[in-house]
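In: Could you look at this predicted model? Sequence included:
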Amino acid sequence: NVIIKKLFEDKNLYTEKTISVNGWVRTIRGSKHFGFIELNDGTYFKGVQIVYDDSLSNFQEINKLSIASAITVIGVLILTPDSKQPFEIKSAKIVVEATSNSDYPLQKKRHTLEYLRTIAHLRPRSNTFSAVFRVRSLVAYAVHKFFQERAFIYTHTPIITGSDAEGAGEMFKVTTLDLLHLPKTEDGKINYSKDFFAKDTNLTVSGQLEGEAFALAFKNIYTFGPTFRAENSNTARHAAEFWMIEPEIAFSDLNDDMKLAEDMIKYIIKYVLEHAPEEINFFNSFIDKELLERLNNILNADFSRISYTEAIDILLKSKKEFQYPIKWGADLQTEHERYITEEVYKKPVFVTDYPKEIKAFYMRLNDDKRTVAAMDLLVPGVGEIIGGSQREERYDVLVERIKDLGLDPEDYWWYLELRKYGGVKHAGFGLGFERVIMYLTGMGNIRDVIPFPRTTGSAEF
Ligand code: 4AD
Ligand code: MG
């Protein structure tokens, strides 16, 4: 049995040979004595054309098959240089493996992305989602390949944690017991010491803190796993459950961090252009007409680097009416990020050195005492895809920052301890996996690049 991808890659190997393929009927055109099936198995952008005729013992049964029926075809691969598809399979035998009801929702006509979201269990069979999820798989592989080639250690950080890595309080609680039946402490709060972990626990918002511990043992590490945020996910680029890639590099500063991020993004783009050209062409034709040009341009350009203060200047000088007014000290909103990267620079831009008040406690305080050694990477079409920083390695400064932001140093005791034992300067970043898939495919909504999205009010599947 051969997968359809292999047929397209190595058609000469199979020409004039009898092979067996299986898959699902994508289209079928039957007539009195013969018919054509486009057979799809999800491994490749296209299906293979199957030709059958009334020499098959079950010709009538085949002729009546509806879309999405599953079959195994045994037949000879024949080159068809004069027609649209490069080859077809002339069937000697077709076995019906499973039939499909005629009310199958994905008939030939085009459906809106919104409608397809309501059938998340079936949408991976459509052209668009089939392409999206093959690219998603490929990008995951490219990420591992990039880091493994550089001897980074892949680190599995916990999903259930007792710490708030971002200090932003946007966590989903984890508890085994019915909260209502947990005893209360004297001040009326739930007494988590009686729960499974004897501690207040949550789903991780980031693997960074544990990643730092490993970077201080393995020098260069990366995580790649699911993260969870109970923030407003009712936007086109926020999900409550998303995947993040978080490298952490010891003996490194913010510049090394940005260099790594730029190398990684270019590596991924190159990998996808080389290994999924059909998919990218499809996105370029049907989803975003500037996609290919944009991706190709990026490979040959250096990403820009500006400070937050410069970004604010640019925004203040622009004549643009923003929904959120801009002033030094305010966080950049998507509209600001997109203006900078899409209208001013027209390529990816690192924005560095944000005010300390709007960034996390672990970012290294700059000499000006007002800003921290942070970097966000903004890209056209999406906005922020990476957030990172050099980490505060000075014990005393870190304790002060934790307190300043209203957090309790005791909650971070082990993280602080890392600063006492060879806590060399180090840096890292987080790449939002879904955001990078949006960027590579031109898909405009995060719900359409994750198989079963979890967003505000939506966990149906
Ligand atoms: O900027 P963030 O919050 O940074 C961190 O979590 C750091 N601990 C990363 C690090 O330095 N190791 O998140 C990093 C990236 C964002 O740039 C964005 O791409 C993505 O994660 N992200 C989300 N993606 C989808 N839905 C959400 N709700 C997201 N929140 C962040
Ligand atoms: Mg961020």
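Out: Sure thing, it's come through. Numbers count the residues shown, from 1 in each chain. Ligands and ions are numbered 1, 2, ... in the order given.
In: From now on I want contacts and neighbour counts done on CA atoms only, so please keep to that.
Out: Fine.
In: would you list every one of the helices in this structure?
Out: Assigned by DSSP state H, the chain shows helices spanning 4-9, 11-14, 59-63, 113-117, 127-149, 208-218, 254-275, 277-286, 291-299, 308-317, 334-338, 395-404, 413-417, 433-441.
In: chain center to the third one: distance?
Out: Counting by CA atoms, centre = their mean, to the nearest Å, helix 59-63 is centred 42 Å from the centre of its parent chain.
In: Give the buried residues for it.
Out: 59, 62-63 (16 or more other CA atoms under 10 Å).
In: before we move on, back to that, would you tell me which one of the helices of the chain is buried the most?
Out: Greatest average neighbour count among the helices of the chain goes to helix 433-441 (a mean of 23), per mean count of other CA atoms under 10 Å.
In: could the buried residues of helix 59-63 go into JSON lines alongside pLDDT and distance to V272?
Out: Below are the buried residues of helix 59-63 laid out as JSON lines (pLDDT from 0 to 100; distance: CA to CA, whole Å):
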{"residue": "F59", "pLDDT": "98", "distance to V272": "41"}
{"residue": "I62", "pLDDT": "98", "distance to V272": "38"}
{"residue": "N63", "pLDDT": "96", "distance to V272": "39"}
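In: In a markdown table: the residues you listed, plus distance to D256.
Out: Shown next, in a markdown table, are the buried residues of helix 59-63 (distance: CA to CA, whole Å):
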| residue | distance to D256 |
| --- | --- |
| F59 | 65 |
| I62 | 61 |
| N63 | 62 |
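In: quick revisit: can you tell me which of the helices of the chain is nearest to ligand 1?
Out: Among the helices of the chain, helix 208-218 comes nearest to ligand 1, with 4.6 Å by CA to the nearest ligand atom.
In: Do the closest one and ligand 1 come into contact?
Out: Yes. Helix 208-218 comes into contact with ligand 1 (CA under 6 Å from any ligand atom), by way of Q208.
In: Ligand 1 versus G430, what's the distance?
Out: Distance, G430 to ligand 1, using CA to the nearest ligand atom, to the nearest Å: 4 Å.
In: ok, the lowest-mean-pLDDT helix or strand in the chain: who's next to it in the sheet?
Out: Sorting the helices and strands of the chain by mean pLDDT, DSSP states H and E puts strand 173-174 at the bottom, at a mean of 89. Partner strands for strand 173-174, per DSSP bridges, with pairing direction: strand 201-203 (antiparallel).
In: Check whether the partner strand comes near ligand 1.
Out: No. Residues of strand 201-203 are not located near ligand 1 by CA under 6 Å from any ligand atom, the shortest gap being 13.1 Å.
In: For that strand, buried residues please.
Out: Buried, per 16+ other CA under 10 Å, within strand 201-203: 201-203.
In: quick one: contacts of that strand?
Out: Outside of strand 201-203, the residues within contact range by CA atoms under 8 Å, 6 or more residues apart in numbering are 159-163, 171-175, 227-228.
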